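A.B. asks: Need a 3D model of the sequence below.
(one chain, ligands or ions: 1)
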Amino acid sequence: MTKIHAAITGVGGYVPEYILTNQELETMVDTNDEWITSRTGIKERRILKGEGLGTSYMGAKAVSELLEKTKTDPKDIDLLICATVTPDMPFPATANLIADQVGATNAFSYDISAACSGFIYALTTGAKFIESGSYKKVVIVGGDKMSSIINYKDRTTCIIFGDGAGAVLLEPTTENVGILDSIHRSDGSGAPYLHMKAGGSRIPATHQSVDANQHYVYQEGSAVFKFAVTNMADISAKVMERNNLKGEDIAWLVPHQANKRIIDATASRMGITDDRVMMNIEKYGNTTAGTIPLLLWDYEKQLKKGDNLILAAFGGGFTWGAVYVKWAYNPF
Ligand code: UT7
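C.D. replies: Next comes the predicted model:
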């Protein structure tokens, strides 16, 4: 029987207009452009302004662009998965809200929570529905409004994160392109190093939880850094190894944009030169589930059919993984 692969057949993206620069952050916390640039590679990030606008607003913009570019009727979408840790609200799922906003009235939809690895987890999940022959059009969204859970008085986190969302369309193909392999891992014992303490069932929102700043991201940066460097590189090397790929076979590394130093270390371990590493951390910062689809969005015009891509991420949970994708189309 011919094997069905899930091919990425289009990319959409959205970043808010407002640009929060390192210079503006210098006026808010005790930091400076030189520290932020040399330690993270970030120069600016986007912030979603406007009352009542959440992650679904950005996700719907990204999906609308995707549908327009791929000339897809929203009613033909079978499934929409949204990866996010900043849902509009605990329920309904942000995916339900996005599907409604774009008119995907025949789709079922749900969220995946895997922090910075959310998009690749969702991509692998969505691909399985295509590979099994169950569905023909699956939309994968990754997006976060990180500014809604960031304490702009905490210099260790507010310099890193930004807002944005991206989306891809998955469709079946019998050609040897698309999502060809993936490895994913998680380890909940990493929770103490990176989490948001309150607002869930353990510590519901109270005046005390708000006063104690427990609704903001808490991160022990250097501990997370060590786990991220090792695990992102290890898992990427593993996926390459089991597909007999050498550094020179990879057209693009598509790494989660958390820190330029983590990305450089991963690329070097994989034998991939800088010119084949997608990077936009300088202009968007870390948009959590948004980073990988936003890279594909920014670099889409440079991708050619048959290019080997390794998508790799590490994030809160801990969660991590790597996906081997053979690009399915030439620029249009
Ligand atoms: O995406 C999800 C997963 N997250 C990650 O992968 C993030 C991983 N971690 C990181 O990217 C880095 O650890 C950070 C960028 C968060 C921090 O960089 P670092 O090189 O690990 O710095 P550090 O936390 O070890 O702090 C070094 C110094 C400290 O001062 P002392 O104790 O040496 O005097 C900090 O207080 O830098 C200080 N510092 C700052 N200085 C200026 C921390 N934040 C700032 C700041 N501006 N914004």
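
A.B. asks: for the ligand, what are the nearby residues on the stretch 201-332 of the chain?
C.D. replies: 221-222, 224-225, 228, 258-259, 262, 286, 314-315 (Cβ under 6 Å from any ligand atom). C-beta coordinates here come from the backbone N, C-alpha and C atoms, glycine included.

A.B. asks: Mind telling me which residue of the stretch 201-332 of the chain is nearest the ligand?
C.D. replies: residue 221 (2.8 Å; Cβ to the nearest ligand atom).

A.B. asks: Quick one: residues contacting that residue.
C.D. replies: Residues in contact with residue 221, defined by Cβ atoms under 8 Å, 6 or more residues apart in numbering, are residue 156.

A.B. asks: Check residue 190 too.
C.D. replies: 224, 227, 316-318.

A.B. asks: go again using 10 Å as the cut-off
C.D. replies: 223-224, 227, 231, 314-320 (Cβ atoms under 10 Å, 6 or more residues apart in numbering).

A.B. asks: Give me the subset of the residues you listed that lies in helices.
C.D. replies: If you go by DSSP state H, those have 223-224, 227, 231 in helices.

A.B. asks: Among the residues you listed, which one has the most neighbours?
C.D. replies: residue 231 (22 neighbours; other Cβ atoms under 10 Å).

A.B. asks: That residue reaches residue 320, doesn't it?
C.D. replies: Yes: with contact defined as Cβ atoms under 10 Å, residue 231 reaches residue 320; the gap is 4.7 Å.

A.B. asks: Could I get the residues of the stretch 201-332 of the chain next to the ligand in CSV, plus columns for pLDDT?
C.D. replies: Formatted as CSV, those follow (pLDDT from 0 to 100):
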residue, pLDDT
221, 94
222, 94
224, 96
225, 95
228, 95
258, 97
259, 95
262, 94
286, 98
314, 98
315, 97
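
A.B. asks: of those, closest to residue 62?
C.D. replies: residue 286 (17.3 Å; Cβ to Cβ).

A.B. asks: who's in contact with that closest one?
C.D. replies: With contacts defined as Cβ under 10 Å, 6+ apart, residue 286 is in contact with 40, 42, 45, 116, 144, 146, 157, 159-162, 164, 256-259, 315.

A.B. asks: One more: residue 76?
C.D. replies: 67, 104, 106-107, 136-137.

A.B. asks: try 6 Å
C.D. replies: residue 137 (Cβ atoms under 6 Å, 6 or more residues apart in numbering).

A.B. asks: hmm, stretch 23-39 in reach of the ligand?
C.D. replies: Yes: judged by Cβ under 6 Å from any ligand atom, stretch 23-39 and the ligand are in contact via 31, 35, 39.

A.B. asks: Okay, and which of the residues you listed map to helices?
C.D. replies: Using DSSP H, the residues of stretch 23-39 next to the ligand in helices are 35, 39.
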